[in-house]
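Participant: With the input below, show me the fold.
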Amino acid sequence: MIVDKGIVFAGQEGTKRQSCAFPGICVLPNGRWICTFRAAPKKEPTEGQHVLLTWSDDMGKSWTEPSSPFSPYTSDGKYGLFRSAMMTSLGDGKILAVLCWVDHSDPKLPFFNEETEGLLDTQIFLSLSLDYGMNWSRPEKINTTSFNVPVPITGPILILKNGEFACQFELNKHYYDTVEWKHSSVMMFSKDKGKSWYDYTIASNDPENRMFYWDQRPGVLSDGRILNLFWTFDRKTATYLSIHARESKDNGRTWSGMWDTGIPGQPAPPVSLPNGRIGMIYVDRTSNPVIKMRLSEDGGSTWIQNSELIIYGSQTETQTWDKRTMQDAWSEMGKFSTGLPTTAILPDGSILVVYYSGYHNDLTNICWARIGGNYD
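Facilitator: Purely as a prediction, here's the structure:
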């Protein structure tokens, strides 16, 4: 059941903090909740976007005035902005932030080129805080030249069972490139706490390039398995399928076959619960957008229908329509005013969920909910 909820930050109409989206949440050992999100005058284009950071030391009752710790940055001779930041607690007040940097040489360009299906140059940076998020080191770029394409992050740095770090991202293609876009989800691995990245695996890819397993949402479960959930798009029919999943039992080096969960929507990372179950938060867009949770008792193979809990029921009308092309899908995404839930487990075993929502895509808030109980 939902035991508490509130607003992290309300979008400020008529300001550069009007459109708030792409939240991240991190729970520190001292109980602090740190939330990051992207703020901008509008959802698109990229002009004016910046990352804000705020925290709560009283379980969401109050939040600090947001700061903007990651300034615009020039990389490879190009001026760029940070689009999102995801945090990972390393203990003892240490936090590692993974940042998504986007080329801002031409402020008027949208993130996605609908003519070519290309993306603005997108790079990955890391920054470290040693004092519970108050101060941050100079961002340092991760070397992803093995791919030499835009690489938007899909979530925070994961700490795997073997102690290695995993950086998660997707493969896109350059903005004006006219070759076919071949999508993949990737995990890169570090043995030295992010100083270098020695290996990678492909977490999702369709050799026929028909299925796009978008927005990978991996979670490291209590038994060490990685359960990865995907928002699944059929490029041929321009339709969304049910959430698909696969798992790794060897720290992301190999992956099981993909399976269909039977649940429509866009997932958040799965979380292990104290009673051995797994919780999955997701956005169901089959009508008006609704954020829900379901439970699994068999490691994520099936999800119990009568466990379904509505976390947020949007009052807006449906924000999806019949699509014919990839361009239609991206245009549709730009109209979303609710979504992108992310999760964390609190010390008492309750689930913290953070998401964005609003009545209009250019005026949205960052919200939170805490789900408690024994999940029986």
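Participant: switch to C-alpha atoms for all contacts and neighbour counts from now on
Facilitator: Fine.
Participant: Now do the SS call for the nearest residue in space to residue 168 that is not next to it in sequence.
Facilitator: The shortest distance from residue 168 to any non-neighbouring residue, by CA to CA, 6 or more residues apart in numbering, is to residue 187 (4.7 Å). The local conformation at residue 187, judged by DSSP: H, G, I helix; E, B strand; the rest coil, is strand.
Participant: State the pLDDT value of residue 187.
Facilitator: What the model reports as pLDDT for residue 187 is 98.
Participant: Please apply the same query to residue 47.
Facilitator: Predicted confidence (pLDDT) at residue 47: the value is 87.
Participant: hang on, it packs against residue 107?
Facilitator: Yes. Counting by CA atoms under 8 Å, residue 107 is a contact partner of residue 47 at 5.0 Å.
Participant: The two: which is more packed in?
Facilitator: For residue 47 versus residue 107, the count of surrounding residues by other CA atoms under 10 Å is larger for residue 47: 19 against 15.
Participant: Contacts only, for that one.
Facilitator: Contacts of residue 47 were listed using CA atoms under 8 Å, 6 or more residues apart in numbering, and they are 40-41, 104, 107-108.
Participant: so which of those comes closest to residue 325?
Facilitator: residue 108 (23.6 Å; CA to CA).
Participant: Tell me how many other residues crowd the closest one.
Facilitator: 11.
Participant: ok, it touching residue 46?
Facilitator: Yes. Assessed by CA under 8 Å, residue 108 is found in contact with residue 46 at 7.2 Å.
Participant: in the stretch 151-300 of the chain, which spans are strands?
Facilitator: Secondary structure of the stretch 151-300 of the chain (DSSP state E, counting those that start in this stretch): strands at 158-159, 165-171, 184-190, 199-204, 211-220, 226-234, 239-240, 242-248, 259-264, 266-267, 271-272, 278-284, 290-296.
Participant: Quick one: list the elements packing against the following helix or strand past the last one.
Facilitator: Right, the one you point to is strand 290-296. Per DSSP states H and E, the first helix or strand lying C-terminal to strand 290-296 is strand 304-313. Other elements packing on strand 304-313 under the criterion 3 or more CA pairs under 8 Å, 6 or more residues apart in numbering; DSSP states H and E are strand 290-296.
Participant: Can you give the distance of the strand it packs on from its chain's centre?
Facilitator: 17 Å (CA atoms, centre = their mean, to the nearest Å).
Participant: and it, which residues are buried?
Facilitator: Buried positions in strand 290-296, judged by neighbour count with 16 or more other CA atoms under 10 Å: 290-296.
Participant: OK, contacts around the residue nearest to residue 168?
Facilitator: 166-169, 200-203, 252.
Participant: Now that we have those, which of them are buried?
Facilitator: 166-169, 200, 203, 252.
Participant: outside of stretch 332-345, which residues touch it?
Facilitator: With CA under 8 Å, 6+ apart, stretch 332-345 has contacts from 21-27, 43-44, 266-271, 281-283, 289, 291, 314, 319-321, 351-364.
Participant: Residue 236: neighbouring residues, count only.
Facilitator: 12.
Participant: Next: the one 5 residues further on.
Facilitator: In terms of burial, residue 241 registers 19 neighbours under the definition other CA under 10 Å.
Participant: so how far is residue 342 from it?
Facilitator: 21 Å (CA to CA, to the nearest Å).
Participant: coming back round to it: farthest-apart pair in the buried ones among the contacts of residue 187, please.
Facilitator: 169 and 252 (13.5 Å).
Participant: after the longest strand anywhere in the chain comes which helix or strand?
Facilitator: In the chain, assigned by DSSP state E, the strand with the most residues is strand 78-91. Downstream of strand 78-91, the first helix or strand assigned by DSSP H and E is strand 94-103.
Participant: Low-confidence ranges, the chain, go.
Facilitator: The model of the chain has pLDDT under 70 over residues 314-321, 323-324, 328, 330, 334, 374-376.
Participant: Quick check: the farthest pair among the contacts of residue 187?
Facilitator: The two members of those with the most space between them (CA to CA) are 169 and 252, at 13.5 Å.
Participant: Pull up the distance across stretch 23-42, start to finish.
Facilitator: Per CA to CA, stretch 23-42 runs 16 Å from first to last residue.
Participant: residues of it that come out buried?
Facilitator: Neighbour counts over stretch 23-42 (16+ other CA under 10 Å) mark 23-29, 32-42 as buried.
Participant: Quick one: residues contacting the spatially closest residue to residue 164 that is not a sequence neighbour.
Facilitator: The shortest distance from residue 164 to any non-neighbouring residue, by CA to CA, 6+ apart, is to residue 191 (5.1 Å). By CA under 8 Å, 6+ apart, the contact list for residue 191 reads 163-165, 197-198.
Participant: repeat that for 10 Å
Facilitator: The contact partners of residue 191, by CA atoms under 10 Å, 6 or more residues apart in numbering, come to 162-166, 197-199.
Participant: Relative to residue 15, how far out is it?
Facilitator: In this view, residue 191 and residue 15 are 43 Å apart by CA to CA.
Participant: My guess is residue 270 contacts residue 278. True?
Facilitator: Yes. Applying CA atoms under 10 Å, one finds residue 270 in contact with residue 278, separated by 6.6 Å.
Participant: which residues do the two both contact?
Facilitator: 221, 227, 295, 300.
Participant: For the first one, give its distance to residue 367.
Facilitator: From residue 221 over to residue 367 the distance is 25 Å, taken as CA to CA.
Participant: just to revisit the earlier point, please identify which of residue 270 and residue 278 sits among more neighbours.
Facilitator: Neighbour totals were compared for residue 270 and residue 278, and residue 270 leads with 25 against 22 (other CA under 10 Å).
Participant: quick one, phi/psi of the more buried one?
Facilitator: Per-residue torsions, residue 270: phi -70, psi 160 (degrees, to the nearest 10).
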